[in-house]
Every structure is written in structure tokens, then in C-alpha cells.
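Engineer: Make a model of this:
(2 chains)
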There are 2 protein chains.
Amino acid sequence: MLNITLLTIGKIKDKSINDLILEYLKRLKPYAKINIEELKSESFKVDNKNKAKEVEGERILNYLKKYPDSQVILLTENGKTFDSVEFSDFINNENTHFIFVIAGSLGFSKAVENKIKTSLSLSKMTFTHEMARLILLEQIYRAITIHKKKEYHY
Amino acid sequence: MLNITLLTIGKIKDKSINDLILEYLKRLKPYAKINIEELKSESFKVDNKNKAKEVEGERILNYLKKYPDSQVILLTENGKTFDSVEFSDFINNENTHFIFVIAGSLGFSKAVENKIKTSLSLSKMTFTHEMARLILLEQIYRAITIHKKKEYHY
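Structural biologist: Model prediction:
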């Protein structure tokens, strides 16, 4: 069974996005162990955004210390792009624990970017972190159905 | 005011996606005239997918005949990619009526692809047509807020 963690900053506030996320988690349940870790987001004002970003970055790096053998992947606009079939090939590996890291609204700190060199781009376009979480889960579900050659209408 | 049509095949069946779409339409209302045209989807079985795709393609081309002066853009995985700022520059043109065409689950017929050469890719990854509609609206909203320099947390 696939073993995937989504490491995220902050909670999903939009109820409809949350409902969709829960729906994909339900569909994924037979095929993958999906663990969503929500680290605390740091509140900020205009003049201390960078500091807040650094604090969130430290939380991410601290969490990751517990999983030195996992494959960690940052979601960024400038990351590696996959089509859905390539992504399916990448992720369908039961021997790897994948940790996908989704930044909060401030993005990743330099410390995180310097430490983690593997990244995935869902799109060159910027998505909200709530939409990114939804889209990633949808693509993981698609990746598994491609692998299982199941029919998945879209 | 921006003038944008989303030409689509079939209705949105997922209630949460529909709620999110309605939310973005509400947010867009002060800034853009957004018209969603839902053409009838053609039911199909395994052995007549191509025929159904062609029929849907004819419906698209028939609709577009009424708007010879509009800028028509197909949404496809292999289309032109924009980042959110480039997309904002592209779309913030009040003198153009944009028609974004989103295929149904079967994709576009050859006739449509041969006729319309301008295309946009939201991602190399394949999205459901329901998700594509949602993501496009979210990007149109983002494009407008970028143009207006409004704060839009993500």
C-alpha cells in the first residue's frame, strides 16, 4: 500500500474545499495510507512576514527530522512538472514513504528551499494552499487509478 | 469590465465543486461579466466514444460561429502555459471577449483542434473537466486581483 504524508501549514478554512478533500481521502483509503499533518501557521502583519515564514520553515524542518529516510518533495510553481502518467509512475512505489510539503500563504523559507532540493510543480500558475492540497490529492487518486488501470471519468 | 465566456460540455455534478464555482462567480461579479455556457454532453458507450466526441465538437463549433470576433482559447494539457502574472496580463483586456472552451470527459474532436489554434494549459497534469472549470475561475479571479493589486491571501 502506498504511504504518503501531506505536510501542510494551517487548516483548510473553506468548507467546500474541505468536503472535496474528505471525499478524495475516502476514495484513496483502499489504496493508500494518506496522512495529513497540519503544522501551526504563524500569524503575521505586513512588517514581519519574513520572520513568520522562517518560523513556519523551522516547524517544517523540525518535523522532517523524524523521517530521514523519506522522500521529501516541496510543492512550488517552479518545481519539476509531470504529466499525470509520469506522476503515476513516480508515486506508485510502495517501498518509499513520500512526504509532500505544501507551504502556507507565505511560501517556503530560504532554509527549507536550501535543505530540500526535490520539488513538484502542479502548475506554473499559483494556487491557494487550500486548492493545492485538493489538487494534489486528486492527482494522487488519478495516479493510482492510472496504475490500477481503473476507469476514472474526467 | 472584462467579458469572459466559459464554453463547457455538460453540467457540474459534484455539489462541493459547484459551490466553489458559485463562490468565485460571486467574487468576480464586480470585476467581470462571466457567462458560463453549458452545451449538452453526448452520452456514449465504449464503442462510440469517437462519434460522441465529434458530436460535442460540432456543438462547440456551432456555438462559436455566433462570435467570429471573439478570442477563443481551448483548455488542453499541451497548450501554452502562463504563470499567474502572465495570465493576468493576457486576460486584463476589456476590448476583447474571451471564450475559454473546456472539453467534456472525452476531450476535443480533431475538428475543434484543427479549427482553434490558441490553447491554454492550466497544468501538464490532467484535471477533471469539473476541476478545470473551478481552477480556471480561480485563476481569472487571481488575475483580476493581481491587476487591481488587491491583497489575495493564498
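Engineer: Give me every residue in chain A that's in contact range of chain B.
Structural biologist: A:14, A:16-17, A:19-20, A:23, A:77, A:81-84, A:87, A:105, A:122-129, A:131, A:135, A:138-139, A:142, A:153-154 (C-beta under 8 Å from any C-beta of the partner chain). The C-beta positions use only the backbone N, C-alpha and C, and glycine is treated the same way.
Engineer: Which residue lies nearest the spatial centre of chain A?
Structural biologist: Closest residue to the average C-alpha location of chain A: residue A:100 at 3.8 Å, with C-alpha atoms, centre = their mean.
Engineer: Helices of chain A, residue ranges please.
Structural biologist: Using DSSP state H, the helices found in chain A span residues A:15-28, A:49-65, A:84-91, A:110-115, A:129-148.
Engineer: rewinding a little: from the residues of chain A next to chain B, list just the buried residues.
Structural biologist: Taking 16 or more other C-beta atoms under 10 Å in any protein chain shown as the criterion, what is buried in those is A:14, A:16-17, A:19-20, A:23, A:77, A:81-82, A:84, A:87, A:105, A:122-129, A:131, A:135, A:138-139, A:142, A:154.
Engineer: one step back: which ones are touching the residue nearest to the centre of chain A?
Structural biologist: Under the criterion of C-beta atoms under 8 Å, 6 or more residues apart in numbering or on different chains, the neighbours of residue A:100 are A:4, A:5, A:6, A:7, A:73, A:75, A:120, A:136.
Engineer: Quick one: the residues you listed as JSON lines, columns for pLDDT, distance to residue A:28 and neighbour count too.
Structural biologist: Shown next, in JSON lines, are the contacts of residue A:100 (pLDDT from 0 to 100; distance: C-beta to C-beta, whole Å; neighbours: other C-beta atoms under 10 Å in any protein chain shown):
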{"residue": "A:4", "pLDDT": "98", "distance to residue A:28": "9", "neighbour count": "22"}
{"residue": "A:5", "pLDDT": "98", "distance to residue A:28": "13", "neighbour count": "20"}
{"residue": "A:6", "pLDDT": "98", "distance to residue A:28": "11", "neighbour count": "22"}
{"residue": "A:7", "pLDDT": "98", "distance to residue A:28": "17", "neighbour count": "24"}
{"residue": "A:73", "pLDDT": "98", "distance to residue A:28": "17", "neighbour count": "21"}
{"residue": "A:75", "pLDDT": "97", "distance to residue A:28": "18", "neighbour count": "23"}
{"residue": "A:120", "pLDDT": "97", "distance to residue A:28": "18", "neighbour count": "19"}
{"residue": "A:136", "pLDDT": "97", "distance to residue A:28": "11", "neighbour count": "24"}
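Engineer: Tell me which residue lies farthest from the centre of chain A.
Structural biologist: Extreme point of chain A relative to centroid (C-alpha atoms, centre = their mean) is residue A:47; 27.8 Å.
Engineer: Show the pLDDT at that one.
Structural biologist: If you check residue A:47, the pLDDT there is 88.
Engineer: Residue A:139 too?
Structural biologist: For residue A:139, pLDDT reads 96.
Engineer: same check, this time on residue A:60
Structural biologist: 98.
Engineer: which residues does the nearest residue to it once chain neighbours are set aside contact?
Structural biologist: Leaving aside its sequence neighbours, residue A:60 sits nearest to residue A:112 (C-beta to C-beta, 6 or more residues apart in numbering or on different chains; 5.5 Å). By C-beta under 8 Å, 6+ apart, the residues touching residue A:112 are A:57, A:60, A:61, A:74, A:101, A:103.
Engineer: what's the third one in contact with, if anything?
Structural biologist: By C-beta under 8 Å, 6+ apart, the contact list for residue A:61 reads A:111, A:112, A:115.
Engineer: in chain A, which ranges drop under the pLDDT threshold?
Structural biologist: A:150-154 (pLDDT under 70).
Engineer: Next, count neighbours for residue A:65.
Structural biologist: 7 (other C-beta atoms under 10 Å in any protein chain shown).
Engineer: Would you mind measuring from it to chain B?
Structural biologist: 28 Å (C-beta to the nearest C-beta, to the nearest Å).
Engineer: Residue A:71 now?
Structural biologist: 19 Å.
Engineer: Write down the beta-bridge partners of that residue, one by one.
Structural biologist: Assessed by DSSP bridges, residue A:71 has beta-bridge partners residue A:98.
Engineer: Let me know whether it touches residue A:98 as I believe.
Structural biologist: Yes - with contacts counted by C-beta atoms under 8 Å, residue A:71 reaches residue A:98, the gap being 5.2 Å.
Engineer: Of these two, give the one with the bigger neighbour count.
Structural biologist: Remark: of residue A:71 and residue A:98, residue A:98 carries more neighbours, 19 against 15, as counted by other C-beta under 10 Å.
Engineer: quick revisit: need the winner for burial among the helices of chain A.
Structural biologist: The highest mean neighbour count among the helices of chain A, using mean count of other C-beta atoms under 10 Å in any protein chain shown, belongs to helix A:129-148: a mean of 21.
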